[in-house]
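[1] return a 3D structure for these sequence lines:
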Amino acid sequence: MATPETVALPEEVAEIGMLIERARVAQAAIADYTQEQVDELIRAMVWSCAQPGVAEELAQQTLDETQLGDYNGKFAKISVKTRAALMDILPDKSVGVIEEDLERNIVKICKPVGVIGALSPSTNPEATPVIKSINAVKGRNAIIIAPHPRAKFINMTIVEKMRGALEKMGAPSDLIQTMAQPTIGKTEELMKQCDFILATGGPGMVKAAYSSGTPALGVGAGNAVITVD
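    Okay, here's the model as predicted:
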């Protein structure tokens, strides 16, 4: 379990530093993209994983590696959930002026955060990287994904497909990066060096994200129990 006191090895610090540097270069390359351009990028990213034939392969690979869940659930997540997330955010404005309050003379202008560090769990390694990545790129940010060790191979496969989609669209593939060999030390270091954290995982990892000193949004296991009377 990750803790705020975890100390990364020097080589882990250096590896994360290189990923951050590449991410910043890629993010700067799309800092002036229009709304239409970023929306085209996220469409291509989702299609690279959710298209027929590919989604089936990713679902089976996820099940084989993690031994969690079932095929139908994994297939639904990668083929339906990712596209639903795309449709949900496509209408949103994320570039330039997004709101004007004429009475109070306030104008809200969207700007990139920079490099986002994303924690991905073993329970949802097929959809989480895609959904977090499209949200990052939607805001003209770069993202580095720290996968659960139990899902590192499917994570790499999905990331490579999205990177390929970005290249085909003429955008830098380093907008999306990941770790081939994830460790607690690397994940802790990523949370220290990035500009913002999106943490999905167990209670320990989410707590570590909020304790890292970097702005973070986290969610742990399970759904909220709500009673409506």
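[2] mind telling me what element the residue nearest to V7 when sequence neighbours are not counted is part of?
    Once its chain neighbours are removed from consideration, V7 has its nearest residue in G185; the separation is 7.0 Å (Cβ to Cβ, 6 or more residues apart in numbering). All C-beta spots, glycine's among them, are computed from the backbone N, C-alpha and C. Of the helices and strands defined by DSSP states H and E, G185 is found in helix 184-193.
[3] would you mind measuring from the residue positioned nearest the centre of the chain to G204?
    Ranked by distance to the mean C-alpha position of the chain (Cα atoms, centre = their mean), the top residue is K132 at 3.1 Å. Taken as Cβ to Cβ, to the nearest Å, the spacing of K132 relative to G204 amounts to 19 Å.
[4] ok, the residue nearest to L90 when sequence neighbours are not counted to D88 distance?
    When the adjacent residues along the chain are set aside, L90 lies closest to D39, with 6.0 Å between them (Cβ to Cβ, 6+ apart). Note on D39: its distance to D88, by Cβ to Cβ, is 13 Å.
[5] so for the two, which residue has more residues nearby?
    For D39 against D88, the residue with the higher neighbour count under other Cβ atoms under 10 Å is D39, and the figures read 21 against 12.
[6] what's the helix or strand harbouring the more buried one in contact with?
    Mapping D39 onto the secondary structure by DSSP H and E places it in helix 35-50. Helix 35-50 has contacts (Cβ atoms under 8 Å, 6 or more residues apart in numbering) with 30, 33, 54-55, 58, 78-80, 82-83, 85-86, 89-90, 93-96, 130, 133-134, 137-140, 158, 161-162, 164-166, 168-169, 171, 175-176.
[7] okay, that helix in CSV with CA atoms only?
    Extracted C-alpha coordinates of helix 35-50, given in CSV (Å, rounded to 0.1, in the frame of the first residue of the first chain):
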residue,chain,number,x,y,z
GLN,A,35,-11.9,23.3,-29.5
GLU,A,36,-12.5,21.4,-32.8
GLN,A,37,-8.9,20.1,-32.9
VAL,A,38,-9.0,18.7,-29.3
ASP,A,39,-12.4,17.2,-29.9
GLU,A,40,-11.1,15.4,-33.0
LEU,A,41,-8.2,14.0,-31.0
ILE,A,42,-10.4,12.5,-28.3
ARG,A,43,-12.7,11.0,-30.9
ALA,A,44,-9.7,9.2,-32.4
MET,A,45,-8.4,8.1,-29.0
VAL,A,46,-11.7,6.4,-28.1
TRP,A,47,-12.1,4.8,-31.5
SER,A,48,-8.6,3.3,-31.4
CYS,A,49,-9.8,1.1,-28.5
ALA,A,50,-13.6,0.9,-28.8
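[8] can you mark which positions in it are buried?
    Of the residues in helix 35-50, those scored as buried under the neighbour-count criterion (16 or more other Cβ atoms under 10 Å) are 35, 38-39, 41-50.
[9] the next helix or strand after that helix - what's its average pLDDT?
    Downstream of helix 35-50, the first helix or strand assigned by DSSP H and E is helix 54-66. Confidence over helix 54-66, taken as the mean pLDDT, stands at 97.
[10] just checking, what packs against helix 54-66?
    helix 35-50, helix 71-76, helix 152-168 (3 or more Cβ pairs under 8 Å, 6 or more residues apart in numbering; DSSP states H and E).
[11] now do the contacts for the closest residue to G114 other than its chain neighbours.
    Leaving out its chain neighbours, the residue that sits closest to G114 by Cβ to Cβ, 6+ apart is D195, at 3.7 Å. Contacts of D195 were listed using Cβ under 8 Å, 6+ apart, and they are 113-116, 214-215.
[12] I'm done for today, thanks for sticking with me.
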